[in-house]
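Undergrad: structure here, sequence nowhere to be found:
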């Protein structure tokens, strides 16, 4: 009797499982949206909305596109990285979406898998840095992000700003020793040397993006070596660097978002990366018909990176402010291309010098 | 004997009935919440149903989501059988995932069946021993298993995070994850073009296996006795400590299988924080199943369907998938308060006091 029950159950499971195999056919309609508006699907990272960071910035970009470009969008907030592929497939399967955006580098693999299955679906991944033929990878230029902060530091360390000292030394602190971050370091150095060829740039590595305590120690030891300006590229470690700047009486630059208000008296500027523009521009490209796969690195020209002083109480001397504005124009016009390779920095400095 | 059996069956039927009532009440509560959020609950449930059952991908998605839930629910049921509350499924599944990954990452080439079976055995060992530790602590030192398992969750999660950030990290990448496993270590897919693997069959098979152990073996009998009354079991000469430890070992091994099948089937690599709380979802699955191993299959599929449907709901309406957690919580509350449900239904004739 019992044996029969078990067998029956087992059979039921098998039937259920095989049903999955021959289930209903999919009638994926490929019809465009009825009113002709461009429709975008966006998959956020597992951090979800409300992270006051990456995902929220991307959301800002897509809502701006909704208002200004008249697009429609649907979004999802996966709970687990394992659901990325499923969501990608669900979006692609409907055939309704002109563009699918994955927010975050960890989305790359899932989006490539989706793209292989649905070759007609346009897919962009924000913050991916791989050059792939299936998807469009959106990355920003590190060297352009930190260049202007380098200019401020290079001129500032020579100036009579409140916490500037006589030594001609500035520094950069990295969260981890990664190729991308190194480009940020080189960009900062290039910016400083562009206006101050003799400046010495020290570098420090925390070894962790989430350790403000250790970052603070690295920063303190750097400030003790007469450094007066530090560019942090250290994630949450930045908070430790800011507190070291406050204790010592020195300057530090924020990174990523505008961090000037963290310590407005000690942070003259932040080297920002505008994720919302990365999203917005990608939607714009679809509307213009210029969207294509591959690696797309945007910089200061596209407004994806910049150096902002809003929210800081530090008053930059007029000549520094003028220089920053002029050099920003040079970068935007393409007249000047920052150096992003440490080996070429010396030669680059020899060839490029700022004439005020 | 037969009278006793009839009574037992009646009781089981009532408990089943209670589960169904709890589910329906929870869905109604969920509907009210959707309504309060400003959406039409009928449309929402229709869309959930469509996303869970209409079409091949929908059914597959339901089963994909159900797989970890069935394992987790079963792990909880096994420990509950001896009156232990295993809140450490989350930690055990991480350890199991590590166990499977270590085998899958071995630089030797083995045929797929051998590799997968040994990886899953390793997963069971890791998960089982991690849970067995709690069992031993409970028996030897009388430590509270609820607290011990909870604490060990954090340790396991951080340990895995360390492993994928340092020793097992994919070289040259910034993400906290191991390299992709060789395809020989991937669980075979049941349906092409989806992520549905034989993991669901394994889950169902393990449920049936546990049912057989419960019903057919001495261990099953002893565990039931220990669960019902410790003094009586002691009198009957049952080694309570041994039974408890074995139950924890099995419970942990099942959790380990969850982690193992997940990394081999879905992600194909070990990723930090990959679980979206599957271990805790298991409690709701077990509650709805009335602690019966076979009912866990059905209960897991119901929750899987809700999750799969909610993924579609998330896309079309913006209702977050966490909404499912609300329904889960309602079910636990209602199942944990059977008297309340009875009062609601004005049955109240029977007062089965044992279940708390």
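TA: Good, I have the coordinates. Remember, it's a predicted structure, so these values are computed and weren't measured experimentally. Residues are numbered from 1 along each chain as shown, chains lettered A, B, ... in the order given.
Undergrad: can you name the residue of the stretch 201-350 of chain B nearest to chain A?
TA: Closest to chain A within the stretch 201-350 of chain B is residue B:276: 3.8 Å, counting by Cβ to the nearest Cβ. Where you see a C-beta, it was placed from the backbone N, CA and C, and this is true even at glycine.
Undergrad: how near is that residue to residue A:78?
TA: Per Cβ to Cβ, to the nearest Å, residue B:276 is found 8 Å from residue A:78.
Undergrad: shared neighbours, these two?
TA: Among the neighbours of residue B:276, those also in contact with residue A:78 (Cβ atoms under 8 Å, 6 or more residues apart in numbering or on different chains) are residue A:46.
Undergrad: more neighbours: which of these two?
TA: Set side by side, residue B:276 and residue A:78 show more neighbours around residue A:78, with 23 against 19, by other Cβ atoms under 10 Å in any protein chain shown.
Undergrad: pretty sure that one sits in a helix.
TA: No - assessed with DSSP: H, G, I helix; E, B strand; the rest coil, residue A:78 is coil; it does not lie in a helix.
Undergrad: residue contacts, it?
TA: Here residue A:78 is in contact with A:43-46, A:84, A:87, B:321 (criterion: Cβ under 8 Å, 6+ apart).
Undergrad: from residue A:49, how far out is it?
TA: Following Cβ to Cβ, the distance that separates residue A:78 from residue A:49 is 12 Å.
Undergrad: around chain A, which positions in the stretch 1-150 of chain B sit nearby?
TA: B:54-61, B:63-64 (Cβ under 8 Å from any Cβ of the partner chain).
Undergrad: let's see that with 10 Å instead.
TA: Contact residues (Cβ under 10 Å from any Cβ of the partner chain) of the stretch 1-150 of chain B with chain A: B:51, B:53-65, B:68.
Undergrad: quick check, nearest of the residues you listed to chain A?
TA: Distances from chain A to those, taken by Cβ to the nearest Cβ, are shortest for residue B:56, at 3.8 Å.
Undergrad: near the closest one, how many other residues are there?
TA: 19.
Undergrad: likewise residue B:109?
TA: Using other Cβ under 10 Å: residue B:109 sits among 8 other residues.
Undergrad: please report phi then psi for it.
TA: With angles defined as degrees, to the nearest 10, residue B:109 sits at phi -100, psi 120.
Undergrad: list the contacts of the residue nearest the centre of chain B.
TA: Nearest to the geometric centre of chain B sits residue B:72, at 1.2 Å (Cα atoms, centre = their mean). Each residue near residue B:72 by Cβ atoms under 10 Å, 6 or more residues apart in numbering or on different chains is listed here: B:86, B:89-90, B:92-93, B:203, B:254-255, B:258, B:275, B:277-286, B:296, B:300, B:303.
Undergrad: returning to what we had before: ok, and the most crowded of the contacts of residue A:78?
TA: residue A:43 leads the contacts of residue A:78 on contacts (other Cβ under 10 Å) with 28 neighbours.
Undergrad: quick check: that one touching residue A:100?
TA: Yes - if you go by Cβ atoms under 10 Å, residue A:43 and residue A:100 touch, sitting 7.3 Å apart.
Undergrad: need the overlap of contacts for these two.
TA: A:87-88, A:91, A:111, A:114, A:123, A:125.
Undergrad: the closest residue to residue A:270 other than its chain neighbours is in what secondary structure piece?
TA: With sequence-adjacent residues excluded and distances taken as Cβ to Cβ, 6 or more residues apart in numbering or on different chains, residue A:270 is closest to residue A:254, at 3.3 Å. Assigned by DSSP states H and E, residue A:254 belongs to strand A:251-256.
Undergrad: direction included, what does that strand pair against?
TA: The pairing partners recorded for strand A:251-256 under DSSP bridges are strand A:229-233 (parallel), strand A:270-273 (parallel).
Undergrad: ok, which of those comes nearest residue B:114?
TA: Of all the strands paired with strand A:251-256, strand A:229-233 sits nearest to residue B:114, with 46.2 Å by Cβ to Cβ.
Undergrad: now the closest one: how far from the chain's centre is it?
TA: Here the centre of mass of C-alpha atoms in strand A:229-233, compared against the chain's by Cα atoms, centre = their mean, to the nearest Å, lies 17 Å away.
Undergrad: again with stretch B:259-267
TA: With Cα atoms, centre = their mean, you get 14 Å for stretch B:259-267.
Undergrad: I appreciate the help and will end here.
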